[in-house]
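[1] Here is a sequence together with a model predicted from it:
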Amino acid sequence: MAKITVNDTEITIVSIDEKDYISLTDMVKNIENGLALIEKWLRNKNTIEFIGMWEEIYNPAFNSPEFEGIKNSAGLNRFILSVKQWIEKTNAIGIMAKAGRFGGTYAHKDIAFEFASWVSPQFKLFLLKEFQRLKEEEQKAIGWTAKRELAKINYHIHTIAVSRNLVPKELSKEQINFIYAAEADVLNVALFGITAKEWRENNPDLKGNIRDYASINELICLSNMENINAVLINDGILQKERLAKLNKIAIQQMSVLNEAENRKLLK
């Protein structure tokens with residue numbers, strides 16, 4: 001679930017079957033008799049034709065014969081149609097009524113934007129702008145998560161190289177853990193200029209570790225460095241020499257990544 005604010009109105013967006021549904025109830029909650037607008041819009045013949053066409057395109061189980069009957073009756077003085085009736089009669093999926101704390105009438109984003117246009121073209125434009133901003137933020141978050149997971153996978157490769165080359169069999173579990181931590185700090189110092197312990201001491205109020213607060217570019221660089229360090233370990237390079245090499249690599253790669261990002265922002 002997510003929320004966006006349009007013209008000082010907070011609007012809820014939920015994901016159903018990986019598709020975005022926007023609360024029509026929220027969209028009209030600051031309008032006098034707003035809920036009545038939803039019913040009025042739903043009785044409109046143009047609305048019936050639009051949402052019926054949408055269902056026929058995206059809903060294989062849509063009851064088209066029932067829809068034709070509803071469409072033919074739309075516009076008559078005696079015509080009445082609620083969201084519940086529309087769903088029950090046609091097996092529609094584009095509009096739904098949710099109960100509970102975040103209950104109300106929700107519509108697939110295609111239909112919600114059509115409703116917003118009917119309420120106010122200006123409101124629709126602001127809604128589209130905020131919705132697009134939300135999607136861009138979500139994509140950035142997905143990108144960061146993917147890079148973080150990649151760094152974790154490469155760290156596993158890194159720890160295997162450590163275990164095969166740097167961990168003598170006779171050491172205790174505590175000593176082995178110390179070696180792993182020391183090798184992780186080789187990467188931390190090379191990239192961030194600080195050990196994990198130093199970061200925790202400098203940031204006592206933050207949860208997680210230094211890598212959880214890294215930028216996407218830093219995670220890309222870290223992922224590359226984990227692979228390179230694994231190779232250097234396998235080649236028998238001493239830790240002191242590896243740290244110097246990795247630091248130079250980190251400086252070079254971060255310069256390239258940041259330069260590429262700046263060019264993208266300029267575009």
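    That came through fine.

[2] Now do the buried residues in stretch 244-253.
    By 16 or more other C-beta atoms under 10 Å, the buried positions in stretch 244-253 come out as 245-247, 249-250, 253. No exception for glycine: its C-beta is placed from N, CA and C like everyone else's.

[3] Could you list the domains of the chain?
    As given by automatic domain parsing, the domain ranges for the chain are 2-119, 136-266.

[4] hey, least reliable of those by pLDDT?
    Ranked by mean pLDDT, these bottom out at domain 136-266, with a mean of 75.

[5] still on that earlier bit, show me the one of the domains of the chain that comes nearest Leu128.
    Closest to Leu128 of the domains of the chain, according to C-beta to C-beta: domain 2-119, at 6.7 Å.

[6] What is the end-to-end distance of stretch 24-43?
    15 Å (C-alpha to C-alpha, to the nearest Å).

[7] Can you pull out the residues in contact with it?
    6, 8-12, 47-48, 74, 79-83, 86, 95, 103-107, 112, 115-116, 118-119, 123, 127 (C-beta atoms under 8 Å, 6 or more residues apart in numbering).

[8] Show me which of the residues you listed are buried.
    6, 9, 11-12, 47-48, 74, 81, 83, 86, 95, 104-107, 112, 115-116, 118-119, 123, 127.

[9] circling back to that earlier point, nearest to Asn224 among the buried residues of stretch 244-253?
    If you rank those by distance to Asn224 using C-beta to C-beta, Gln253 comes first, at 6.2 Å.

[10] what's the single longest strand in the chain?
    Ranked by residue count under DSSP state E, the longest strand found in the chain is strand 9-16.

[11] Tell me which stretches of the stretch 51-200 of the chain form strands.
    Under the criterion DSSP state E, counting those that start in this stretch, the stretch 51-200 of the chain contains strands at 95-98, 104-108.

[12] Residues contacting the longest one, please?
    The reference is to strand 104-108. Here strand 104-108 makes contact (C-beta under 8 Å, 6+ apart) with 12, 14, 16, 19-26, 38, 54, 58, 83, 93-98, 112, 115.

[13] One more: the shortest one?
    Taking C-beta under 8 Å, 6+ apart as the criterion, the residues outside strand 95-98 that touch it are 14, 16, 21, 24, 42, 51, 83-84, 86-87, 103-108, 111.

[14] how about the CA coordinates for stretch 185-197, as PDB?
    Backbone C-alpha positions of stretch 185-197 (Å, rounded to 0.1, in the frame of the first residue of the first chain) are rendered in PDB as follows:
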ATOM      1  CA  ASP A 185      36.600  -4.400   6.700                       C
ATOM      2  CA  VAL A 186      39.200  -4.500   4.000                       C
ATOM      3  CA  LEU A 187      36.400  -3.700   1.600                       C
ATOM      4  CA  ASN A 188      34.800  -1.200   4.000                       C
ATOM      5  CA  VAL A 189      38.000   0.700   4.400                       C
ATOM      6  CA  ALA A 190      38.900   0.600   0.700                       C
ATOM      7  CA  LEU A 191      35.500   2.000  -0.300                       C
ATOM      8  CA  PHE A 192      34.100   3.900   2.700                       C
ATOM      9  CA  GLY A 193      37.300   4.700   4.500                       C
ATOM     10  CA  ILE A 194      36.000   3.300   7.800                       C
ATOM     11  CA  THR A 195      35.600  -0.100   9.500                       C
ATOM     12  CA  ALA A 196      32.200  -1.500  10.500                       C
ATOM     13  CA  LYS A 197      33.000  -1.000  14.100                       C
END
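
[15] List the buried residues in that stretch.
    185-192, 195-196.
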